[in-house]
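Participant: here is the input, now give the coordinates:
(one chain, ligands or ions: 2)
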Amino acid sequence: MSQRMQPIADASRRIARISSHLHPPTSQMEETSLLRRANCRSKGAAPGFKVAILGAAGGIGQPLAMLMKINPLVSVLHLYDVVNAPGVTADVSHMNTGAVVRGFLGQPQLENALTGMDLVIIPAGVPRKPGMTRDDLFNINAGIVKTLCEGVAKCCPKAIVNLISNPVNSTVPIAAEVFKRAGTFDPRRLLGVTTLDVVRANTFVAEVIGLDPRDVNVPVVGGHAGVTILPLLSQVNPPCSFTPDEISHLTNRIQNGGTEVVEAKAGAGSATLSMAYAAAKFADACLHGLRGDAGVVECSFVASQVTELPFFATKVQLGRNGVEEVLPLGPLNEFERAGLEKAKKELAVSIEKGVSFVKK
Ligand SMILES: NC(=O)c1ccc[n+]([C@@H]2O[C@H](COP(=O)([O-])OP(=O)(O)OC[C@H]3O[C@@H](n4cnc5c(N)ncnc54)[C@H](O)[C@@H]3O)[C@@H](O)[C@H]2O)c1
Ligand SMILES: O=C(O)C[C@H](O)C(=O)O
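Facilitator: Residues are numbered from 1 along each chain as shown. Ligands and ions are numbered 1, 2, ... in the order given. As a prediction, the model looks like this:
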């Protein structure tokens, strides 16, 4: 061998030696990202949590993938969709943050996307157009959520599930029924994401009382559609009082925040960016809970005994197993008690619709 070729031969031997100590390449990485393990010295993912996003190429999925790639608690990020997953994966994977990103395209790759995950976030499904209710999405999204949750039950039954797909008031009961059928249901690990209602409530209340929205915390209970979204303005932190007009304006705007965005987008979908922010905030809280951090509290639509309904959104304390404690409603004023009755009536129908979709 000539002297000029010697360093190249040494380098290839070094790479071959290092590669032999690495995990075998996963087919997903080979298929959907340009990374070839043989071409890098990486020892694989750093310690942290493994997170999958199902519906990762969508309006919520893409910015959510970006935000989860930035999260320092995430070591592995799996991006699954039935379209465009390779492109989103290649794009997000170039961000120089810690998480290793892998893409998965289509049903045959669902199991690989889910295996070993600690947290599964589901924004898969169709969004509303003007004039539609969230319940109008049921016929398409119910089947999507059912199939994805069957995958979760099979491949990562201990994962925490954050369910975003609408109608949340029905898709969470669907997921619960799927898990019950599979014998894997753990009510602590299934959480409907209602954080956007809290995010909106904090923003709108802050506007009215003239505070920084980051300093305002409004509990929003019930569910995630119309009158089931019940902001508890009597429990706002920092404590403040509102005129009857302010209460009426704020309650109406918080309950119809989603519709405000759907109409403004005029047929191009529903909230995606504020939702990705809210979903990332909620997922981060779940990961802090999984890590064992104390005092992590968020509102979420979960299995609950706070009312006579089997599911209800209230504040929940998050921990190593997901929901450690479902917190009580606290004292309600007369306006809120009336709102609660209306919310429960509509919620009962939506919950039953989800349950019977799986049972029939
Ligand atoms: N919980 C909330 O507060 C909240 C807020 C906003 C939107 N949403 C809901 O989130 C859902 C997604 O909204 P979006 O704006 O991202 O919609 P979108 O159409 O932009 O994206 C949805 C993605 O899901 C994918 N998908 C469809 N079927 C799938 C399947 N079987 N497996 C995996 N992926 C699949 C699509 O390919 C698409 O990429 C809608 O149902 C919407 O109503 C909920
Ligand atoms: O309004 C929608 O359809 C999407 C979402 O539920 C929202 O609240 O923005």
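
Participant: contacts and neighbour counts: CA atoms only from here.
Facilitator: Fine.

Participant: in the stretch 101-250 of the chain, which spans are strands?
Facilitator: Using DSSP state E, counting those that start in this stretch, the strands of the stretch 101-250 of the chain run over 119-122, 160-163, 190-192, 220-222, 229-231.

Participant: show me the contact partners of the first one.
Facilitator: Just to be clear, that refers to strand 119-122. Strand 119-122 has contacts (CA atoms under 8 Å, 6 or more residues apart in numbering) with 49-55, 114, 159-165, 283, 287.

Participant: would you convert the strands of the stretch 101-250 of the chain into a markdown table that also reports mean pLDDT?
Facilitator: Shown next, in a markdown table, are those (pLDDT from 0 to 100):
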| stretch | mean pLDDT |
| --- | --- |
| strand 119-122 | 99 |
| strand 160-163 | 98 |
| strand 190-192 | 99 |
| strand 220-222 | 98 |
| strand 229-231 | 98 |
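
Participant: make CSV from those strands and add mean neighbour count and distance to ligand 2 to it.
Facilitator: Supplementary listing: these in CSV, determined by neighbours: other CA atoms under 10 Å; distance: least, CA to the nearest ligand atom, whole Å:
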stretch, mean neighbour count, distance to ligand 2
strand 119-122, 26, 13
strand 160-163, 27, 12
strand 190-192, 28, 11
strand 220-222, 29, 13
strand 229-231, 26, 10
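
Participant: rebuild these as CSV, extending it with distance to Val83.
Facilitator: Formatted as CSV, the strands of the stretch 101-250 of the chain follow (distance: least, CA to CA, whole Å):
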stretch, distance to Val83
strand 119-122, 15
strand 160-163, 20
strand 190-192, 24
strand 220-222, 34
strand 229-231, 32
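
Participant: okay if I get these as JSON lines plus distance to ligand 1?
Facilitator: Output for the strands of the stretch 101-250 of the chain, formatted as JSON lines (distance: least, CA to the nearest ligand atom, whole Å):
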{"stretch": "strand 119-122", "distance to ligand 1": "8"}
{"stretch": "strand 160-163", "distance to ligand 1": "7"}
{"stretch": "strand 190-192", "distance to ligand 1": "7"}
{"stretch": "strand 220-222", "distance to ligand 1": "12"}
{"stretch": "strand 229-231", "distance to ligand 1": "11"}
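
Participant: so Val92 sits in a strand?
Facilitator: No - Val92 sits outside any strand when classified using DSSP: H, G, I helix; E, B strand; the rest coil, being helix.

Participant: thought it was touching Met68?
Facilitator: No - in this structure, Val92 is not within contact of Met68 by CA atoms under 8 Å, at 9.9 Å.

Participant: who has more neighbours, the two?
Facilitator: Met68 (27 against 23; other CA atoms under 10 Å).

Participant: how many other residues sit next to the residue nearest to Asn71 when sequence neighbours are not counted?
Facilitator: Nearest residue to Asn71 in three dimensions, chain neighbours excluded: Asp284, at 7.5 Å (CA to CA, 6 or more residues apart in numbering). For Asp284, the neighbour count with other CA under 10 Å is 18.

Participant: mind telling me what element Asp284 is part of?
Facilitator: helix 273-291 (DSSP states H and E).

Participant: give me the distance from that helix to the chain's centre.
Facilitator: Centre-to-centre, helix 273-291 and its host chain are 7 Å apart (CA atoms, centre = their mean, to the nearest Å).

Participant: which strand residues bridge Val100?
Facilitator: With DSSP bridges as the criterion, Val100 is bridged to Val76.

Participant: my guess is it contacts Val92. True?
Facilitator: No - using CA under 8 Å, Val100 is not in contact with Val92; the gap is 9.8 Å.

Participant: can you pull the pLDDT of Leu273?
Facilitator: Note on Leu273: pLDDT of 98.

Participant: nope, Met1 is what I was after
Facilitator: pLDDT at Met1 comes out at 38.

Participant: I'd like the numbering to begin with 443 instead of 1 from here.
Facilitator: Renumbered: residue one is now 443, and that last one reads Met443.

Participant: by average pLDDT, which secondary structure element in the protein comes out worst?
Facilitator: Of all helical and strand segments in the chain, the minimum by mean pLDDT, DSSP states H and E falls on helix 448-461, at a mean of 38.

Participant: gap between Glu553 and Gly668?
Facilitator: Counting by CA to CA, to the nearest Å, the gap from Glu553 to Gly668 is 35 Å.

Participant: oh, that last question was meant for Phe627, not what I typed.
Facilitator: 28 Å.

Participant: what does the stretch 543-692 of the chain put close to ligand 1?
Facilitator: With the criterion set to CA under 6 Å from any ligand atom, the stretch 543-692 of the chain comes near ligand 1 through 565-570, 586, 606-608, 635-636, 638.

Participant: so which of these are also by ligand 2?
Facilitator: Counting by CA under 6 Å from any ligand atom, the members of those near ligand 2 are 569-570.

Participant: got a markdown table for the residues of the stretch 543-692 of the chain next to ligand 1, with pLDDT and neighbour count too?
Facilitator: A markdown table is the format used below for those (pLDDT from 0 to 100; neighbours: other CA atoms under 10 Å):
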| residue | pLDDT | neighbour count |
| --- | --- | --- |
| Pro565 | 99 | 28 |
| Ala566 | 99 | 26 |
| Gly567 | 98 | 19 |
| Val568 | 98 | 16 |
| Pro569 | 98 | 23 |
| Arg570 | 98 | 21 |
| Ile586 | 98 | 16 |
| Ile606 | 99 | 25 |
| Ser607 | 98 | 27 |
| Asn608 | 98 | 29 |
| Val635 | 99 | 31 |
| Thr636 | 99 | 30 |
| Leu638 | 99 | 24 |
